[in-house]
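A.B. asks: got a structure for you, letters missing:
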């Protein structure tokens, strides 16, 4: 596996010491640096700002919200960042969920897989730059049908540095994961668990088997964001992640539609998810976090002393389909190289 470093999206403001951590990560040979967005900080601005301090690391988004930008706007941003980084950009995009898409971005959510397929096709047409862009889809039309009636097909004024910028899909459900295997260059799972490896391999293989598949299992990237909290006390380490898991399981989505909760339910935590959601939606966030057992945290995260973290990586994570472990957490200096070595094997 390769090692990546993630800062995700912000809470109340920019995380501290990112410039220093990036310099340390690049000096240690960390392969990639990743940002994210939901409904606060965006993914592209921090990636460009902090990424300008790097010279070797790949720069990725995990993920950009599709509903935040039209396909051509996303293609423009990607080719711009690819030029500025010297061809180091990795474009991760995702359909998100109805709560965010319709509540924050004011866009329709239905038929997300179909929308994703159109979105990616348009971006690749922009980057190929073979002709002015024309597209007549269910969700996107270029030129726009209606309005002033004066739209005309256009071609990017910029020649892309790479005509085939890597596209990675953020996906959780089996159909969306299969779509990633079919149309993308990689998959960015959220809340990946080694115990679900066979389930995800089956979904990816469904995509790889389709006639239009771009990749095979041998040249496909799986970049999993893995929370990491290093502490000699396992329970103290897990306690730092419980509120985050409770937010996703209990508060990200409607009562009957929560894709993140479904991920944990497939791991065998359906009863816990139901309890966490009940508490969270009742406003009892601390109780919701406390209801998450240690084993549920350990399913999706690296927590505890460095020896345990290294053993978990080598025994549980390395045999999976994950090709890049994006660490969402930065270990102490005296154990940092050991943990990175465990990732790389």
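C.D. replies: Here it is on my side, so go on. Values in this document were obtained by computation on a predicted structure and should not be read as measured data. Residues are numbered from 1 along each chain as shown.
A.B. asks: what about residue 253, how many residues nearby?
C.D. replies: Residues lying near residue 253 (other CB atoms under 10 Å) number 19. Bear in mind the C-beta positions are built from the backbone N, C-alpha and C, glycine included.
A.B. asks: quick one: contacts for it?
C.D. replies: Shown in contact with residue 253 (CB atoms under 8 Å, 6 or more residues apart in numbering): 97-99, 259-261.
A.B. asks: which residues in the stretch 51-200 of the chain form strands?
C.D. replies: Shown for the stretch 51-200 of the chain, the strands assigned by DSSP state E, counting those that start in this stretch span residues 58-61, 64-65, 89-94, 135-136, 141-142, 167-171, 186-189.
A.B. asks: who wins for proximity to residue 18 among these?
C.D. replies: strand 58-61 (13.1 Å; CB to CB).
A.B. asks: which outside residues touch that closest one?
C.D. replies: 4, 31-37, 43-44, 47, 51, 81, 85, 88-93, 168, 223.
A.B. asks: just stretch 330-345 next, same as before
C.D. replies: 1-3, 5, 21, 24-25, 28-30, 228, 230, 306, 309-310, 313-314, 318, 325, 327.
A.B. asks: for residue 175, list the residues it contacts.
C.D. replies: By CB under 8 Å, 6+ apart, the contact set of residue 175 is 113, 203.
A.B. asks: mean pLDDT added to the strands of the stretch 51-200 of the chain, as TSV?
C.D. replies: Output for those, formatted as TSV (pLDDT from 0 to 100):
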stretch	mean pLDDT
strand 58-61	98
strand 64-65	98
strand 89-94	98
strand 135-136	98
strand 141-142	98
strand 167-171	98
strand 186-189	98
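A.B. asks: format those as TSV; extra columns: mean neighbour count and distance to residue 281.
C.D. replies: Shown next, in TSV, are the strands of the stretch 51-200 of the chain (neighbours: other CB atoms under 10 Å; distance: least, CB to CB, whole Å):
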stretch	mean neighbour count	distance to residue 281
strand 58-61	26	30
strand 64-65	24	24
strand 89-94	26	24
strand 135-136	13	40
strand 141-142	18	39
strand 167-171	26	25
strand 186-189	26	25
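A.B. asks: Throw those strands into TSV and include distance to residue 218, thanks.
C.D. replies: Below are the strands of the stretch 51-200 of the chain laid out as TSV (distance: least, CB to CB, whole Å):
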stretch	distance to residue 218
strand 58-61	19
strand 64-65	27
strand 89-94	19
strand 135-136	31
strand 141-142	35
strand 167-171	16
strand 186-189	13
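A.B. asks: residue 3 and residue 317 touch, don't they?
C.D. replies: No: using CB atoms under 8 Å as the test, residue 3 is too far from residue 317 to be in contact (11.6 Å).
A.B. asks: what is in contact with the two at once?
C.D. replies: Counting by CB under 8 Å, 6+ apart, the common neighbours of residue 3 and residue 317 are residue 325.
A.B. asks: didn't residue 246 look like it was pressed against residue 277?
C.D. replies: No: using CB under 8 Å, residue 246 makes no contact with residue 277, being 9.0 Å away.
A.B. asks: and for these two, which residues touch both?
C.D. replies: residue 288.
A.B. asks: how's this structure carved up into domains?
C.D. replies: As recorded under automatic domain parsing, the domains making up the chain are 2-232+302-344, 242-300.
A.B. asks: contact partners for residue 293?
C.D. replies: For residue 293, the contact set (CB under 8 Å, 6+ apart) comprises residue 272.
A.B. asks: likewise residue 251?
C.D. replies: Residue 251 neighbours (CB under 8 Å, 6+ apart): 277, 280-281, 285.
A.B. asks: in helices, which of those fall?
C.D. replies: Under the assignment DSSP state H, these contribute 277, 280-281, 285 to helices.
A.B. asks: quick one, which of these are buried?
C.D. replies: 277, 280, 285 (16 or more other CB atoms under 10 Å).
A.B. asks: export the residues you listed to TSV and tack on pLDDT?
C.D. replies: Converted to TSV, those look like this (pLDDT from 0 to 100):
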residue	pLDDT
277	95
280	96
285	97
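A.B. asks: in JSON lines, list those along with distance to residue 296.
C.D. replies: Shown next, in JSON lines, are these (distance: CB to CB, whole Å):
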{"residue": "277", "distance to residue 296": "14"}
{"residue": "280", "distance to residue 296": "15"}
{"residue": "285", "distance to residue 296": "17"}
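A.B. asks: still on that earlier bit, so which of the contacts of residue 251 comes closest to residue 238?
C.D. replies: Nearest to residue 238 among those: residue 285, at 16.5 Å, using CB to CB.
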